[in-house]
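> Any chance you can model this:
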Amino acid sequence: MNRNNLEREWHELSMPWIKEAREGRNPTRTGLLDKPMLEACGNVEGLKILDCGCGEGRFCRILADKGAEYVLGLDLCEAMIEAAAELQSGNDVYRVANVQDLSFIEDEAFDLAVSYLNQCDLPDFEANNREVFRILRAGGRLIVANLHPMLSAVGKWYRTDKGEKQHVILDRYFDEGERHWKIMGVELTNFHRSLSTYTSGFLNAGFSIEAITEPTLSGEQLALYPELRDELRVPNFIIYTLTKT
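Purely as a prediction, here's the structure:
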């Protein structure tokens with residue numbers, strides 16, 4: 001996939017994405033993923049944190065509000081970074097950058113790194129792993145939320161003639177590579193990889209895998225976000241808690 005095409009897709013998506021993040025319900029993140037992501041991050045007070053693929057900065061602001069000393073958000077999409085800077089509070093900073101090349105960051109400069117649905121958008125997620133490992137201090141952690149490999153393979157529902165959902169189609173699982181989706185009316189490219197490819201990539205970079213979480217809903221969450229009912233049926237997302245030992 002040509003990098004220019006990827007950048008064009010995200011530029012086209014940036015305006016509806018920013019609007020949804022700031023004005024919309026954003027149920028997948030606010031209703032499903034934020035809580036386990038924050039639990040995986042733990043107490044962030046006084047920490048220096050890197051957000052790989054920060055978008056318009058929503059999760060950076062959450063981490064800053066929870067007491068992080070410094071949060072650096074990186075994204076290749078200039079429109080996203082411009083939007084993030086509009087709401088900058090002081091200890092969160094934003095920069096246009098490719099998270100597959102962090103050569104502008106010194107070794108062991110951060111305590112924690114997060115990748116919130118970003119590695120599935122990277123042509124070379126292993127380069128991101130290696131770079132993040134380098135810039136984390138010993139004992140630092142990388143928290144990766146990603147599309148579940150089961151979802152990223154095909155991800156469509158098999159339906160009856162009446163449109164009732166029967167089961168998710170799992171096919172082409174070992175055929176890794178580009179997948180194309182329509183999000184908010186924009187054609188978007190991301191990359192399917194198997195669970196073993198992801199876990200091997202983390203281990204090869206030097207990380208220890210401390211936990212793997214497949215988020216689902218509690219009854220309370222379902223009452224607040226009934227549109228997420230399918231999350232009780234299939235694991236659409238996965239969170240890896242990784243440590244630099």
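> State the distance from residue 41 to residue 86.
24 Å (CB to CB, to the nearest Å). Yep, even glycine has a C-beta here, placed from its N, CA and C like the rest.
> Sheet-wise, list the partners of the strand ranked longest in the chain with their directions.
The residue-count maximum for a strand in the chain (DSSP state E) belongs to strand 136-147. Strand 136-147 pairs in its sheet with strand 110-116 (parallel), strand 237-244 (antiparallel), by DSSP bridges.
> Could you give the average pLDDT over the helix or strand that it is followed by?
The helix or strand immediately downstream of strand 136-147 is helix 149-153, counting by DSSP states H and E. The average pLDDT within helix 149-153 is 95.
> list the helices and strands helix 149-153 packs on?
strand 186-192 (3 or more CB pairs under 8 Å, 6 or more residues apart in numbering; DSSP states H and E).
> Now do the strand it packs on against strand 136-147: the angle between them, please.
Computed with axes from the mean of the first three to the mean of the last three CA atoms, to 10 degrees, the direction of strand 186-192 lies at 120 degrees from that of strand 136-147.
> Contacts made by strand 186-192 with the rest, please.
1, 5-6, 9-10, 12-13, 16, 120-123, 125, 147, 149, 152-153, 172, 175-182 (CB atoms under 8 Å, 6 or more residues apart in numbering).
> in terms of contact, does residue 126 touch residue 205 like I think?
Yes: with contact defined as CB atoms under 8 Å, residue 126 counts as touching residue 205 (6.8 Å).
> Thanks again, I'm all set now.
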